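Undergrad: Structure for the following, please:
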Amino acid sequence: MTELPLIGGAPVAVEPHLAGAKIGVVTFPGTLDDRDAARAVRLAGGTAVALWHADTQLADVDAVVIPGGFSYGDYLRAGAISRFAPLMSRIIDAANSDAKLPVLGICNGFQILTESHLLPGSMIKNDHLKFLCRDQVLRVENNNTLWTSDYEAGQEITVPLKNQDGQYIADDKTLDALEAEGRVVFRYVGWNPNGSRRDIAGISNATGNVVGLMPHPEHAVEPGFGPESNAGTDGLGFFTSVLNKIVGGAQ
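TA: Numbers count the residues shown, from 1 in each chain. Down below sits the predicted model:
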């Protein structure tokens, strides 16, 4: 077991056997949380690989995180321009291939996944039309995805939320299908912060390798630097889940 130093506190123990798993973190013009996502990968024990939106190859990564921010300034629609980046074509193909590349979209990354049709539905402005930043309680509805297997079904976690275009919408047929197929992965608890249909905070594709959510697990991975509940590390399970799946599948 090795240790990764915190910014201002005691080091966090990481498992060396996970270091062989490479997680790509994509940066678009306007991405804000790529370094946070990369640090979350390292804290979980994996190797973070920087990917640029104009790249044409995925650098042999085992999974991809599309972080939050305001890609291309959210012009047209949030995530609409990023969907056409050269790297997104590679991600879409890899996610839909027989290999089922694990892909996690966070906030703006979730918006990009819907624009790319890797996930159904769309994101529009919060129903109160204001930017919102707060710690948000989520309930884990599905722990059978590649990104949620280290959680318990029904577990409540707290991670930061910060968005302006965070309202998830879809037609009733799509929403009914998501519910029936167990593809609602996270739901808001206590208060719906943006008007998302059926309190949906995150969803998956049919095979569970692609997950998108609006709140930010990468901001809840270090004691003392996240929400006060559970030492502020409720988000770390996203990254340990996929790393354990990758390493387990390689054994």
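Undergrad: looking at the protein, which helix or strand is least sure?
TA: strand 2-4 (a mean of 53; mean pLDDT, DSSP states H and E).
Undergrad: those helices in the stretch 151-251 of the chain, which residues are they?
TA: Listed in chain order, the helices of the stretch 151-251 of the chain (DSSP state H, counting those that start in this stretch) span 172-180, 236-250.
Undergrad: Which other helices and strands does the shortest one contact?
TA: The helices and strands touching helix 172-180, judged by 3 or more Cβ pairs under 8 Å, 6 or more residues apart in numbering; DSSP states H and E, are strand 200-204. The way it works is simple: take the backbone N, C-alpha and C, and place the C-beta from them, glycine included.
Undergrad: Give the partner strands of the strand it packs on in its sheet and their orientations.
TA: strand 184-188 (antiparallel), strand 210-213 (antiparallel) (DSSP bridges).
Undergrad: and those strands, which is most packed in?
TA: Scoring these by mean neighbour count under mean count of other Cβ atoms under 10 Å gives strand 210-213 as the most buried, with a mean of 28.
Undergrad: contacts for that one?
TA: 95, 102-107, 109-110, 113-114, 118-119, 138, 145-148, 185-186, 201-205 (Cβ atoms under 8 Å, 6 or more residues apart in numbering).
Undergrad: Please repeat the previous calculation with a cut-off of 7 Å.
TA: Residues outside strand 210-213 that contact it (Cβ atoms under 7 Å, 6 or more residues apart in numbering) are 95, 103-106, 109-110, 113-114, 118-119, 145, 147, 185-186, 201-204.
Undergrad: pLDDT weak spots in the stretch 151-251 of the chain?
TA: Residues of the stretch 151-251 of the chain meeting the criterion pLDDT under 70: 249-251.
Undergrad: re earlier: of the strands paired with strand 200-204, which approaches Val64 most closely?
TA: The minimum distance between Val64 and these falls on strand 210-213, with 9.6 Å, by Cβ to Cβ.
Undergrad: Strands of the chain, start to end?
TA: For the chain, the strands defined by DSSP state E occupy 2-4, 12-14, 22-27, 47-52, 63-66, 103-106, 122-124, 132-140, 156-163, 167-169, 184-188, 200-204, 210-213.
Undergrad: list the helices and strands the third one packs on?
TA: Spelled out, it's strand 22-27. On a contact count with 3 or more Cβ pairs under 7 Å, 6 or more residues apart in numbering; DSSP states H and E, strand 22-27 meets helix 34-44, strand 47-52, strand 63-66.
Undergrad: got the contact list for the nearest residue to Lys125 once chain neighbours are set aside?
TA: Closest residue to Lys125 apart from its sequence neighbours, by Cβ to Cβ, 6 or more residues apart in numbering: Asp165 at 5.3 Å. Applying Cβ under 7 Å, 6+ apart, one finds that Asp165 lies in contact with 74, 78, 111, 123-125.
Undergrad: now Asp165: how far from Asn96?
TA: To Asn96, Asp165 is 25 Å away according to Cβ to Cβ, to the nearest Å.
Undergrad: go on, Phe110?
TA: To Asn96, Phe110 is 18 Å away according to Cβ to Cβ.
Undergrad: And the two? Which one has more around it.
TA: Phe110 (30 against 16; other Cβ atoms under 10 Å).
Undergrad: Turn the helices of the stretch 151-251 of the chain into a markdown table, including mean neighbour count and distance to Ala54.
TA: Converted to a markdown table, those look like this (neighbours: other Cβ atoms under 10 Å; distance: least, Cβ to Cβ, whole Å):
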| stretch | mean neighbour count | distance to Ala54 |
| --- | --- | --- |
| helix 172-180 | 14 | 32 |
| helix 236-250 | 21 | 25 |
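Undergrad: possible to save those helices as JSON lines with distance to Ala38?
TA: As requested, these are exported to JSON lines (distance: least, Cβ to Cβ, whole Å):
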{"stretch": "helix 172-180", "distance to Ala38": "30"}
{"stretch": "helix 236-250", "distance to Ala38": "10"}
